[in-house]
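>>> The sequence and its predicted three-dimensional model are supplied below.
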Amino acid sequence: MRDYVELHFDGPVLRSLSDPLGVYGGREWHFPEPGSMDLMRGYIGKTVSACEVDPKRMLALHFGDHRFTIPLDDGSSLGPESAHLVGVDATGMASPHGGMWVW
């Protein structure tokens, strides 16, 4: 996508509507700065080891030593929503029927 980033988890989809940032391999990145796409591709195939949510500040996923963060503060949001998590339906496909969380 050109104006947001999606993370697909073999079913559920996490959509970042505010510009994500993080650390991968000890290197900080901030989307859409140059090089951020290359670092974000490094998360492919990694397993989420932890997550944290501060509803007024950020939603962060940890992949071992790597971190992917979606800012949730008013200054970072490009609209009324900063992130969506779309769950899966009975068939295992991403669908609002599987639940949808909005920050």
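Structure received. Numbering: from 1, shown residues only.
>>> for this protein, what are the low-confidence residue spans?
Applying pLDDT under 70 to the chain flags residues 1-2.
>>> Run through the strands of it in chain order.
Assigned by DSSP state E, the strands in the chain fall at 5-8, 13-16, 21-24, 27-30, 50-54, 58-63, 66-71, 83-86, 100-102.
>>> Mind putting those strands into a markdown table with mean neighbour count?
C-beta coordinates here come from the backbone N, C-alpha and C atoms, glycine included. Compiled in a markdown table, those are given as follows (neighbours: other Cβ atoms under 10 Å):
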| stretch | mean neighbour count |
| --- | --- |
| strand 5-8 | 16 |
| strand 13-16 | 19 |
| strand 21-24 | 20 |
| strand 27-30 | 15 |
| strand 50-54 | 11 |
| strand 58-63 | 19 |
| strand 66-71 | 21 |
| strand 83-86 | 20 |
| strand 100-102 | 13 |
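>>> Could you measure from V13 over to V88?
9 Å (Cβ to Cβ, to the nearest Å).
>>> on that earlier part again, quick one: which of the strands of the chain is nearest I44?
Across the strands of the chain, I44 has its closest neighbour in strand 5-8 (9.3 Å, Cβ to Cβ).
>>> returning to what we had before: let's have the strands of the chain in JSON lines, adding distance to I44.
Listed next are those as JSON lines, based on distance: least, Cβ to Cβ, whole Å:
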{"stretch": "strand 5-8", "distance to I44": "9"}
{"stretch": "strand 13-16", "distance to I44": "14"}
{"stretch": "strand 21-24", "distance to I44": "11"}
{"stretch": "strand 27-30", "distance to I44": "15"}
{"stretch": "strand 50-54", "distance to I44": "18"}
{"stretch": "strand 58-63", "distance to I44": "10"}
{"stretch": "strand 66-71", "distance to I44": "11"}
{"stretch": "strand 83-86", "distance to I44": "18"}
{"stretch": "strand 100-102", "distance to I44": "23"}
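>>> ok, back up a step: which neighbours do V13 and V88 have in common?
Counting by Cβ atoms under 8 Å, 6 or more residues apart in numbering, the common neighbours of V13 and V88 are A94.
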